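Student: Sequence and predicted structure are below.
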Amino acid sequence: MLLRNPFTKSLHDARRSLLGWALAIAGVGAMYASFWPTMQTPEMADAMAAYPQALLDALNFDDVTSPTGYLGSAVFGMLIPMLTAVFMIAAGTRAIAGDEDAGTLDLVLSHPVGRVRVALHRFGAVLIGIVLVVALLWLALAAVRGPADYTSVGLGRLAAMCLHLTLFGTVFGALAFAIGAATGSRAMAIGGSAAVAVLGYFANAVLPQVQGLEWARNLSPFHWYLGGDPLVNGVQAGGVLLLAGTTAVLVAVGTWRFTGRDIAV
């Protein structure tokens, strides 16, 4: 059934995928958080000490001796942001390029609804998706605070980290949306966004270890997301502004290009 509002229709169509991703990301986050007590054993400390520091830095495992350091590394440092980026790239691609690639976007646009409204409503549904996913992750991490013995990490600090994660994921959703809206190509949206995600990770975790390339970190969404250690110091205004500003520019450019080009049929 074609729902009248592009926003509600997008949410309706993505409901199963959204539920699956939300449960998966929350489950992975809670599972890794629950491993914190095992990190306090002498055997684990000896094992971590055996790894080269450069490798630990590349994996964002620079500090696993405290609850905040462990959560910032094992939960929010690599796997969860990568899963979030993959989820949002898929969602952003589906917003415009998915239907166009399937040959059904012209049917949507044949209804009395403008392209700008379609684009913004569909990206709005993507935003709701990431908010719901990260909200469930926050609830899962809050639920295991006691059993996993990291009650010293306040709920407010977890919320600050989750806000940064939401904005981080939104950047990649906006990038996939913009490429898809500008080109109509699902493959280009996925490939281009994935390439930026990989390059961004290397710019934040690997290139700074090379003398003279430390500046590359400042160009990475991973640094905007993790810089300033939100789990310890709360919301970082600089990172939030960079993530939100980049998202706004990408959505604006993608919508502008979408309104001015022919639609593939």
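Tutor: Thanks, I have the structure now.
Student: So the nearest residue to residue 243 once chain neighbours are set aside versus residue 183, what's the distance?
Tutor: Nearest residue to residue 243 in three dimensions, chain neighbours excluded: residue 167, at 3.8 Å (CB to CB, 6 or more residues apart in numbering). (Glycine included, C-beta is placed from N, CA and C.) From residue 167 across to residue 183, the span is 25 Å (CB to CB, to the nearest Å).
Student: what about these two, which has more around it?
Tutor: residue 167 (23 against 20; other CB atoms under 10 Å).
Student: Please identify which helix or strand holds that one.
Tutor: helix 155-183 (DSSP states H and E).
Student: show me what contacts residue 131?
Tutor: For residue 131, the contacting residues are residue 166, by CB atoms under 8 Å, 6 or more residues apart in numbering.
Student: any weak-confidence spans in this structure?
Tutor: Counting by pLDDT under 70, the chain contains low-confidence residues at 1-4, 40-64, 106, 110, 112, 264-265.
Student: quick one: the helices in it?
Tutor: 6-13, 15-33, 42-49, 53-58, 67-70, 79-93, 99-102, 105-109, 115-143, 155-183, 186-205, 221-226, 230-233, 237-259 (DSSP state H).
Student: and the gap between residue 67 and residue 37?
Tutor: 10 Å.
Student: anything in contact with each of those two?
Tutor: With CB under 8 Å, 6+ apart as the test, residue 67 and residue 37 both reach residue 149.
Student: More neighbours: those two, which one.
Tutor: More neighbours surround residue 67 than the other of residue 67 and residue 37, with 20 against 12 (other CB under 10 Å).
Student: Tell me if I'm right that that one and residue 154 touch.
Tutor: No. Using CB atoms under 8 Å, residue 67 is not in contact with residue 154, being 10.6 Å away.
Student: Is residue 176 in contact with residue 89, as I believe?
Tutor: Yes. Judged on CB under 8 Å, residue 176 makes contact with residue 89 at a distance of 4.6 Å.
Student: More neighbours: which of those two?
Tutor: residue 176 (35 against 26).
Student: so who does the more buried one touch?
Tutor: 88-93, 95, 97, 189-190, 192-193.
Student: Tell me how far the spatially closest residue to residue 98 that is not a sequence neighbour lies from residue 127.
Tutor: Nearest residue to residue 98, sequence neighbours excluded (CB to CB, 6+ apart): residue 186, at 6.0 Å. Separation of residue 186 from residue 127 (CB to CB): 20 Å.
Student: Neighbours of residue 241, how many?
Tutor: Neighbours around residue 241, by other CB under 10 Å: 12.
Student: actually residue 248, not the one I typed
Tutor: Neighbours of residue 248 using other CB under 10 Å come to 12.
Student: Same question for residue 155.
Tutor: When neighbours are counted by other CB under 10 Å, residue 155 comes out with 12.
Student: just checking, it touches residue 139?
Tutor: No. Counting by CB under 8 Å, residue 155 stays clear of residue 139, with 10.3 Å between them.
Student: For stretch 208-226, measure first residue to last.
Tutor: Start-to-end span of stretch 208-226 (CA to CA, to the nearest Å) is 15 Å.
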